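Chemist: sequence isn't available, so here's the structure alone:
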């Protein structure tokens, strides 16, 4: 064998088995065939969404489907048509089900057909939204300006898309840390250079990501004070005041208080206005975890529940929950754009700005967060707001809260179930009567999942497993709630080993459904 035979192909040389005349790129060799296959895929997904009620909420992935995704790495491509066939056989039937009107597990939005189209358009543009001078950055700034208007923030407020509220809450902690330390600059000197230990405060009902943010930022979970809650599961203000005083007396440095607007377990809302007073008096950064509840501000009827949100230093929330933007679309909004930029901006030769051209611009999204490579999340959010308008979006939010009240009333009238927490917004927590260990609750939830009838979730309240119905889906109607209580009653009878109840008659429809389809 000669040296040239041993040497692998380099540069533009094609492998011996390839057609040397074929272009080496990833565009389709036949655009018209690709167009036909793509139209078929789009039509299929439209049919899939239109027929959502005809399928189970959830199905366990089949052994064949799981095995399909244990294959070796392919060296040769199979083409778009084959990949679409596999998608239809092995992926589509086994999704998590959050588009279904009887999906009530966890705080997940349902998406919309319009959002699906926007996602496709954004993928076609393939914009990197870390920075530079292109229109996608303006779309993102438009969303920040709109949300500043909704929340009552200054027009110059600074915003950025992230994956979700967990990351947005992490950003808030980093900004609060930088704001509190000022010239002591932890970015340069690290936490060990600090004279006093930083301490933060949140309700014991706060999302676990607040604790995780303390861990990731190096401040430490033990320095997050989880303040006890009241009967409505809102943070107790007197306990917060005492905790701050105790920490100051111990020589610690309080720097952040996190208010919750819609807790993950029950939807509880802290007294945000009173928290703003305390934060102002104690010189603390006031951040609000409003993962879904902050968007109640869109509704004139619900806005009073989040009074005080307009006084926050920062807010974290998700468009992919109550606004049903396709996943993922979290957002972070800061009152002070300078404080926001100080926490993240960094000089690098490859990020040099220019007075003209593609590198023009003063503040880029990469100056406002940790990501440099970022997708065009703003487009699907802009589409959602432009297509439906805030009045219709707010009406869907209000509807989900009305449906939660309806379910609460049905639970209160039930012989088998009882309420386990107050209903503030759209989350209903309940359980089987005379089931102190919550084991029947577990069985009922698993049975409903496996049957595909409905998908509530489980949480733990006061140490007891509790059924949780988080009603977010814009497709859900009164008839669905009525059907759901029948499913629960029959499942409870079976779980108790008693003769099952007769199935309820087909539930009535409640007029023209209000949804975003």
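Modeler: Thanks, I have it. Small disclaimer: the values here were computed from a predicted structure and weren't measured.

Chemist: count of residues packed around residue 370?
Modeler: 12 (other C-beta atoms under 10 Å). Where you see a C-beta, it was placed from the backbone N, CA and C, and this is true even at glycine.

Chemist: which residue ranges form the strands in the stretch 351-500 of the chain?
Modeler: Across the stretch 351-500 of the chain, reading from the start of the chain, the strands by DSSP state E, counting those that start in this stretch fall at 417-419, 427-432, 457-461, 464-470.

Chemist: quick one: which of those is nearest residue 336?
Modeler: Of all the strands of the stretch 351-500 of the chain, it is strand 427-432 that lies closest to residue 336, at 32.1 Å by C-beta to C-beta.

Chemist: so where's the stretch 401-517 of the chain uncertain?
Modeler: Along the stretch 401-517 of the chain, the parts satisfying pLDDT under 70 run over 499-513.

Chemist: redo that, cut-off 50
Modeler: Along the stretch 401-517 of the chain, segments meeting pLDDT under 50 span 503-509.

Chemist: quick one: residues contacting residue 92.
Modeler: Taking C-beta atoms under 8 Å, 6 or more residues apart in numbering as the contact definition, residue 92 lies against residue 48.

Chemist: my guess is it is in a strand, correct?
Modeler: No - if the criterion is DSSP: H, G, I helix; E, B strand; the rest coil, then residue 92 is helix and not within a strand.

Chemist: gap between it and residue 325?
Modeler: When distance is defined by C-beta to C-beta, to the nearest Å, residue 92 is 21 Å away from residue 325.

Chemist: which helix in the chain runs the most residues?
Modeler: Selection of the longest helix in the chain by residue count, based on DSSP state H, yields helix 377-412.

Chemist: what angle separates that helix from strand 464-470?
Modeler: In this structure, helix 377-412 runs at an angle of 120 degrees to strand 464-470, with axes from the mean of the first three to the mean of the last three C-alpha atoms, to 10 degrees as the basis.

Chemist: count the residues that sit near residue 192.
Modeler: The local packing of residue 192 (other C-beta under 10 Å) involves 7 other residues.

Chemist: likewise for residue 403?
Modeler: 24.

Chemist: could the strands of the stretch 351-500 of the chain be laid out in CSV, adding distance to residue 141 and mean neighbour count?
Modeler: Output for the strands of the stretch 351-500 of the chain, formatted as CSV (distance: least, C-beta to C-beta, whole Å; neighbours: other C-beta atoms under 10 Å):
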stretch, distance to residue 141, mean neighbour count
strand 417-419, 44, 17
strand 427-432, 33, 26
strand 457-461, 36, 17
strand 464-470, 32, 23
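
Chemist: those strands: which one's closest to residue 101?
Modeler: Proximity to residue 101, assessed across the strands of the stretch 351-500 of the chain by C-beta to C-beta, is greatest for strand 464-470 (12.3 Å).

Chemist: how far away from the center of its chain is stretch 256-263?
Modeler: Distance of stretch 256-263 from its chain centroid, counting by C-alpha atoms, centre = their mean, to the nearest Å, is 16 Å.

Chemist: what segments of this structure are strands?
Modeler: Taking DSSP state E as the test, the strands found in the chain are 158-162, 198-203, 224-227, 253-260, 285-289, 314-318, 330-334, 417-419, 427-432, 457-461, 464-470.
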